[in-house]
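Q: Pasted the sequence and its predicted model underneath.
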Amino acid sequence: VPNSRRPRRPKIGVFDSGVGGLTVLRALVERIPGADYLYFGDTARLPYGSKSAHTVAHYAVGAVHYLQDQGAELLVIACNTATALALSEIKAAADVKVIGVVEPGADAAAAVTRKRKVVVIGTEATISSHAYRRALEAREVAVREKACPLLVPLVEEGWVEHAVTEQVARIYLSEAFSEDASDADVLVLGCTHYPLIKPLLRRVAPEHIAIVDSAESTAQDVARQLQIEPPSSAQKSSVQTRSERRTVPQLKFFATDSAEKFRKMGTRFLGLPVEDVLHVDLKE
Ligand code: DGL
């Protein structure tokens, strides 16, 4: 009977330089639980945040081809650095739709700011590419950009509620919100790792500011593209047992460095057990 057939599950490929993009996967899974996910973390070649556009584009295109070969029907570039430096090369190399994190983040920031002035923090490469600046200025929002290169290693160390991280964040944010940016009213988290220190950033940032997490905005954008309703209303309207079965996400992971290391660190970033990890060797 056609009515009893379950809707086809979308297969979403998520790409990142390492484990950080699992914050984007986490947001995707919350927003779209009924999908199959293929996550590729280029852990052997990270960090991307200190590399050139040419190198990042080369790495990202290789990974994206791999995800496509695995059957990804839509690609999410979770890495802010890869999106900022190489989105057009990735789109040119892909046969399926590609969604990066910068445009959804800029949309969310533009919707929230009243002062039309925001601060964006990210890696050195993301900030010097000015991708967020271009995206926000196109939406008539003024931007102060601030590279915060020390935050990625601190988060990877697990120091998400540590006095040192707090001190470092305090210095970066006081520089970011100085002078002509002192009346900015939004802080955009332009890096995969920053959602993990959102409570700390909330404490350290000026009180009146709103925090925009591009992981969440990207998940919303993907749901919109796939025409998927928020899970709460979808679940309410369908039979419990069936909807439960349908809404368990399938997660498969690929890592270019040790699978075991990815499993351990990934669980912390995803907030769910990371089990099915395959080590992948990409040719240079
Ligand atoms: N995933 C990167 C980003 O969002 C941070 C880690 C790295 O530098 O590779 O910019």
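A: The structure has been received and is ready for your questions.

Q: Just give me the neighbour total for the residue in the stretch 1-150 of the chain that the ligand sits nearest to.
A: Proximity of the stretch 1-150 of the chain to the ligand (Cβ to the nearest ligand atom) peaks at Gly49, 2.7 Å away. C-beta here means a position set from N, CA and C on the backbone, and glycine is covered the same way. Neighbourhood size, Gly49 [other Cβ atoms under 10 Å]: 28.

Q: Number of residues surrounding Lys91?
A: 16.

Q: same question, Arg170
A: Arg170 has 15 nearby residues by other Cβ under 10 Å.

Q: repeat for the one 4 residues further on
A: One way to gauge burial is a neighbour count; for Ser174, by other Cβ under 10 Å, it gives 12.

Q: In a helix, it, correct?
A: Yes: counting by DSSP: H, G, I helix; E, B strand; the rest coil, Ser174 is found in a helix.

Q: Residues of the stretch 51-200 of the chain that sit close to the ligand?
A: Cys79, Asn80, Thr81, Gly122, Thr123, Thr126, Val152, Cys191, Thr192, His193 (Cβ under 6 Å from any ligand atom).

Q: Now do the same contact list for the residue lying closest to the third one once chain neighbours are set aside.
A: For Thr81, the nearest residue in space outside its immediate sequence neighbours is Tyr48; the separation is 4.3 Å by Cβ to Cβ, 6 or more residues apart in numbering. By Cβ atoms under 8 Å, 6 or more residues apart in numbering, the contact set of Tyr48 is Ser17, Asp42, Val56, Tyr59, Cys79, Thr81, Ala82, Leu85, Thr123, Ala125.

Q: And Tyr48, how close does it get to Lys198?
A: Separation of Tyr48 from Lys198 (Cβ to Cβ, to the nearest Å) stands at 22 Å.

Q: repeat for Val24
A: 14 Å.

Q: between those two, which one's more packed in?
A: Each of Val24 and Lys198 has its neighbours counted (other Cβ under 10 Å); Val24 has more, 29 against 15.

Q: Is the more buried one part of a helix or strand, or is it coil?
A: Quick answer, by three-state DSSP: Val24 is helix.

Q: picking up where we left off before, what is the nearest of the contacts of Tyr48 to Ala223?
A: Comparing the contacts of Tyr48 against Ala223 with Cβ to Cβ places Cys79 closest, at 20.0 Å.

Q: burial measure for the closest one, as a count.
A: Cys79: 34 neighbours (other Cβ under 10 Å).

Q: tell me the contacts of it?
A: Neighbours of Cys79 in contact, by Cβ under 8 Å, 6+ apart: Phe15, Asp16, Ser17, Gly20, Gly21, Tyr48, Ala60, Val101, Thr192.
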